[in-house]
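**Q** this one's sequence-less:
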Ligand code: 5GP
Ligand code: ZN
């Protein structure tokens, strides 16, 4: 647990939250600033800053829990689909530096998707970049 971390404090029950599920690995609670009704955060109890700081065991444990909570929301809410969002770094929109996964429920006919500015790239530029980024 990190002293000045709000999500550690919520996981420890020191700060109130609208918790919908918890176990020994993770806690799920409603986001106080929701993108849609039922917007939920799934947060590991272990304090790690972001995805690159989590070890494989933690990630292997957390992903099925995100799915479990998402399936529950889909069953209980008017919810036809959902976005999973996980921000890393302030430049990517991370504001709480304790790993967490957003589940944003969506409804058919409602506002959907998350808006990221994008524009088509040329095939040549994509091929050049892929060559540079190819992993061993
Ligand atoms: P991030 O921007 O880091 O990906 O997401 C952090 C999220 O945590 C935001 O959507 C924000 O609304 C939410 N949040 C921040 N403080 C609290 C809090 O004290 N309680 C709850 N339930 N959510 C919080
Ligand atoms: Zn923390």
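**A** Right, received. Where do you want to start? Because the structure is a prediction, the values reported are computed rather than measured. Ligands and ions are numbered 1, 2, ... in the order given.
**Q** what residues does this protein put near ligand 2?
**A** 2, 5, 7-8, 47, 98 (CB under 5 Å from the ion). Quick note: C-beta positions are derived from backbone N, CA and C, even for glycine.
**Q** Drop anything exposed from these.
**A** The neighbour count (16 or more other CB atoms under 10 Å) marks 5, 7-8, 47, 98 as buried among those.
**Q** Now the two most distant members of the residues you listed.
**A** Across those, the longest distance by CB to CB is 7.8 Å; it joins 7 and 47.
**Q** overlap in contacts of the two?
**A** residue 98 (CB atoms under 8 Å, 6 or more residues apart in numbering).
**Q** I'd assumed residue 84 was in contact with residue 66.
**A** Yes: contact criterion CB atoms under 8 Å: residue 66 and residue 84 qualify, at 6.5 Å.
**Q** out of the two, which sits in the busier spot?
**A** Relative neighbour count places residue 66 above the other of residue 66 and residue 84, with 19 against 13, counting by other CB atoms under 10 Å.
**Q** average pLDDT across the helix or strand harbouring the more buried one?
**A** Under the criterion of DSSP states H and E, residue 66 resides in helix 56-76. Across helix 56-76, pLDDT averages out at 98.
**Q** Please point out which parts of that helix sit buried.
**A** Buried positions in helix 56-76, judged by neighbour count with 16+ other CB under 10 Å: 58, 61-62, 65-66, 69-70, 72-74.
**Q** what's near enough to touch residue 34?
**A** Residues near residue 34 by CB under 8 Å, 6+ apart: residue 104.
**Q** Against ligand 2, how distant is it?
**A** According to CB to the ion, to the nearest Å, residue 34 and ligand 2 sit 21 Å apart.
**Q** now that residue, what's its secondary structure?
**A** The three-state label given to residue 34 by DSSP: H, G, I helix; E, B strand; the rest coil is coil.
**Q** what does residue 42 give?
**A** strand.
**Q** roughly how far apart are it and residue 91?
**A** For residue 42, the distance to residue 91 equals 23 Å [CB to CB, to the nearest Å].
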